[in-house]
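Novice: Give me a 3D structure for the following:
(one chain, ligands or ions: 1)
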Amino acid sequence: MKEVVLKNGLSMKPNAVVTKCLFPVAGLGTRFLPVTKEIAKEMLPLVDRPVISYGVEEAIESGCRDIIMITGRTKRSIEDYFDSSFELESILRDRGKMELYEKIHSISEMANILYVRQREPLGLGHAVLCGEPFCRDGYFGVILPDDVFVSDVAVLKQLIEVHRRLGGSVVALEEIPRSEVSRYGIVKSRIESDGVHRIIDMVEKPSPEEAPGNFAIMGRYILSPAIFPLLAEGRAGAGGEIQLTDAMKRLLETEPMWGLVYRGRRFDCGTQKGWLAANIQLALEDADLNPVILDIVNAFKER
Ligand code: G1P
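Specialist: Predicted coordinates:
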């Protein structure tokens, strides 16, 4: 299939297998209060763009054409960010700031984005279920945008490659210390080939004693539409919420599921530490900003 280079420099090779990607963005961001009291956590800046933009760029680079955002009442700023900004654009044009104009204009042309409201905070599984009307006709991607990855190949694209090769659903995996298992969905798996695990079982946020292993699901999924009827049964799991992990565990009874130990580095931008680390990492990788960070660090060391 032909590669298309978009105006904003992103390249997109439409893939025929996974064309839609769901973004659950209704969460309140309690781990990052007080700043998230009035600012959507997805709109916090990562160097020069909001956190959510990195996830959307990853979906596009992975060949997805349609983005479905599951939003909530307090997330209007996300819609505004990806919409065109007529006033600002015409001012920039009038003032001859064409480079900046192109940059701002290209944001609204980045992707085809649909918005669905999750009216009640019933959990990640419920958020994914809200996307059913748009995703029921084939395998679809899910990106949890708090998890930002720095990688040579987009992590969602790495997952799509596994799906293309082996079929079935695929999740991103990372090996973590046992002491941290209660923060994640944890899988029991058997190594199939290089970096690819066959998933046998999974538990949402187990205690270290109950955990079936120490490979955690990180925020990227390729899911079968067969997940929707399982989510619709709506049984509350860990934390009283409808958990995606519980429905995926039931999906395992009827379909194969794979875990890919992704190649790249993850930052949890839903927390202060992860967000700061991501900013520093991305700034160090930027030719203009790299000396700024190194100067601060060196001056600090010499104190
Ligand atoms: C969610 C999922 C969990 C997964 C995690 C990755 O949890 O429920 O299985 O491991 O994302 O970030 P949350 O972080 O929303 O509590």
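Novice: Which residues does whichever residue of the stretch 101-250 of the chain sits closest to the ligand form beta bridges with?
Specialist: Closest residue of the stretch 101-250 of the chain to the ligand, C-beta to the nearest ligand atom: Gly185 (2.5 Å). Glycine gets a C-beta too; all of them are placed from N, C-alpha and C. Taking DSSP bridges as the rule, Gly185 bridges to Glu204, Ile217.
Novice: thought it was touching Ala216?
Specialist: Yes: under the contact definition of C-beta atoms under 8 Å, Gly185 touches Ala216, with a separation of 6.7 Å.
Novice: Based on its surroundings, how many neighbours for Leu122?
Specialist: Using other C-beta atoms under 10 Å, Leu122 is surrounded by 17 other residues.
Novice: can you check Asp48 too?
Specialist: Asp48: 11 surrounding residues under other C-beta under 10 Å.
Novice: Next up, the contacts around it.
Specialist: The contact partners of Asp48, by C-beta atoms under 8 Å, 6 or more residues apart in numbering, come to none.
Novice: Where does Thr245 sit: helix, strand or coil?
Specialist: Counting by DSSP: H, G, I helix; E, B strand; the rest coil, the backbone at Thr245 sits in helix.
Novice: Same question for Arg263.
Specialist: coil.
Novice: List the buried residues in the one helix or strand Val148 maps to.
Specialist: Of the helices and strands defined by DSSP states H and E, Val148 is found in strand 147-150. By 16 or more other C-beta atoms under 10 Å, the buried positions in strand 147-150 come out as 147-149.
Novice: right, is it up against the ligand?
Specialist: Yes: Strand 147-150 is in contact with the ligand by C-beta under 6 Å from any ligand atom, via Asp147.
Novice: next one: that strand to chain centre, how far?
Specialist: With C-alpha atoms, centre = their mean, to the nearest Å as the basis, strand 147-150 stands 8 Å off its chain's centre.
Novice: where exactly do the helices run in the stretch 1-150 of the chain?
Specialist: Here the stretch 1-150 of the chain has its helices, by DSSP state H, counting those that start in this stretch, at 51-61, 76-82, 86-94, 98-108, 124-130, 132-135.
Novice: Report the buried residues of the shortest one.
Specialist: Yep, that's helix 132-135 we're talking about. Buried residues in helix 132-135, counted by 16+ other C-beta under 10 Å: 132, 135.
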